[in-house]
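K.L.:
Starting from these lines, generate the structure:
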Amino acid sequence: MTGQPHDPVPFRPYLRGTQPEYDSPHYRSTHNRHPKLPLVALPHTVTEIAGPRFSPKLFPACVDLARLDGNEAMGERIIVEGVVVDEDRRPVPSTMIEIWQANAAGRYAHSGDQHDAPVDPHFRGSGRIFTDADGRYRFITIKPGAYPPRALGLPAQRRPPSDSWLLDADSDRDRFRRIETVLTPEQAMREIAVRFLEMRSAIDRDRLALAQYEWNRSTRAAEIALLMRPANQERVEEEFLLGPWKELGAALAARDPAGVAIAFEATRNACLQCHVTRGRAFLNDHPVFEAVAPLPVTLQ
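P.N.:
Have a look, this model is predicted:
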């Protein structure tokens, strides 16, 4: 024994490009947190090789972030899964994995996140799991919403320069591009459009239970969009959610085909009329409205 540290299993350096850079220009906050001097390589001894070991007994698993105390979080459900492997691509079993993420409105469940997005009391915000014998893991969660650039130390988000920021666009393509890049709630609105199509397809096939499911999910998406634009809530509820949309939900719940057909057409017309009233009639040219229309609709 020489008393010198001995590395029983030498660490294999990572190949360049296989790991994220410590200082990433695309993630501004890393500039203040990454090491400024070359790293010092420390030899691995038995202490580093043997531990620490994490156990499910001490760290209980939480694989469903989208449900808390029997209540479902708001947002679109997604599955995050993968496999943990070592340098030789061999599965690594019994490895603890933890994740953290923002809720559907883009806010973290952390005291340090104080921006004006709402906190979802039914969203955990973090999860934990241990890989199985094949190194696999699987979380159930929701698609996180975008959080403001200032949370990353970036300049404040650019706002529309005027009320005519859509009308002065050169083309419909440019208008839709502006919607997608400026209005965060459009993510929820795109989900509503897709589910509106699925709802219509289910109604056409007389599958009203499936149509009711799409109605429920669309309602949740609309609630998320309003959380991000609270100034619009009173108007949207008065003109849409508490009117034809609510009637459509009631008809679906009653399994009333005739009532569903009437309420669905009234819902579509309410959308079209709202666009015209607010000076955004070009939105009525979106393919979703043509796809769900049994007959051409003339707006007064």
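K.L.:
Would you agree residue 193 falls within a helix?
P.N.:
Yes: with DSSP: H, G, I helix; E, B strand; the rest coil as the criterion, residue 193 is part of a helix.
K.L.:
Could you give the number of residues near it?
P.N.:
20 (other CB atoms under 10 Å). Just so you know, the C-beta spots here come from the backbone N, C-alpha and C atoms, and that holds for glycine as well.
K.L.:
where's it relative to residue 122, distance?
P.N.:
When distances are taken as CB to CB, to the nearest Å, residue 193 and residue 122 turn out to be 25 Å apart.
K.L.:
before we move on, what about residue 41?
P.N.:
Taken as CB to CB, the span from residue 41 to residue 122 is 46 Å.
K.L.:
give me the low-pLDDT residue ranges for the stretch 1-150 of the chain?
P.N.:
For the stretch 1-150 of the chain, residues meeting the criterion pLDDT under 70 lie at 1-11, 26, 48, 51, 116, 146-150.
K.L.:
where along it do the strands fall?
P.N.:
Assignment of strands within the stretch 1-150 of the chain using DSSP state E, counting those that start in this stretch yields the ranges 67-68, 71-72, 77-83, 96-100, 126-130, 136-142.
K.L.:
now what about the second one, what contacts it?
P.N.:
By CB atoms under 8 Å, 6 or more residues apart in numbering, the surrounding residues in contact with strand 71-72 are 66, 121, 122.
K.L.:
circling back: looking at residue 41 and residue 122, which one has more neighbours?
P.N.:
When neighbours are counted by other CB under 10 Å, residue 41 and residue 122 differ, and residue 122 comes out ahead with 14 against 9.
K.L.:
Could you list the domains of this protein?
P.N.:
When the chain is parsed into structural domains using automatic domain parsing, the resulting residue ranges are 59-145, 172-291.
K.L.:
between those domains, which gets nearest to residue 21?
P.N.:
Using CB to CB as the measure, domain 59-145 is the one of the domains of the chain that comes nearest residue 21, at 19.3 Å.
K.L.:
Could you tell me how far that closest one lies from the centre of the chain?
P.N.:
Between the mean C-alpha point of domain 59-145 and the mean C-alpha point of its chain there is a distance of 12 Å (CA atoms, centre = their mean, to the nearest Å).
K.L.:
and it, how far apart are its ends?
P.N.:
Between the opening and closing residues of domain 59-145 we find a distance of 28 Å, counting by CA to CA, to the nearest Å.
K.L.:
most centrally placed residue in the protein?
P.N.:
Centroid check for the chain by CA atoms, centre = their mean gives residue 143 as the closest residue, at 2.3 Å.
K.L.:
contacting residues for it?
P.N.:
75, 76, 77, 78, 104.
K.L.:
The same query, at a cut-off of 6 Å, please.
P.N.:
Contacts here follow CB atoms under 6 Å, 6 or more residues apart in numbering; on that basis residue 143 touches 75, 76, 78.
K.L.:
By neighbour count, which of these wins?
P.N.:
With neighbours defined as other CB under 10 Å, the most crowded of those is residue 75; it has 24 neighbours.
K.L.:
any idea how far residue 102 is from it?
P.N.:
When CB to CB is the yardstick, residue 75 and residue 102 sit 10 Å from each other.
K.L.:
is it possible to export the strands of the stretch 1-150 of the chain to a markdown table including distance to residue 282?
P.N.:
Conversion of the strands of the stretch 1-150 of the chain to a markdown table gives the following (distance: least, CB to CB, whole Å):
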| stretch | distance to residue 282 |
| --- | --- |
| strand 67-68 | 40 |
| strand 71-72 | 36 |
| strand 77-83 | 32 |
| strand 96-100 | 40 |
| strand 126-130 | 42 |
| strand 136-142 | 31 |
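K.L.:
how about low-confidence regions in the stretch 151-300 of the chain?
P.N.:
Regions of the stretch 151-300 of the chain meeting the criterion pLDDT under 70 cover residues 151-188, 224, 227-230, 286-288, 290-300.
K.L.:
show me where it has helices.
P.N.:
172-182, 186-204, 208-228, 233-236, 244-253, 257-277, 287-291 (DSSP state H, counting those that start in this stretch).
K.L.:
can I get those helices in a markdown table with distance to residue 138?
P.N.:
Written out in a markdown table, the entries for those read as follows (distance: least, CB to CB, whole Å):
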| stretch | distance to residue 138 |
| --- | --- |
| helix 172-182 | 30 |
| helix 186-204 | 23 |
| helix 208-228 | 22 |
| helix 233-236 | 36 |
| helix 244-253 | 32 |
| helix 257-277 | 37 |
| helix 287-291 | 33 |
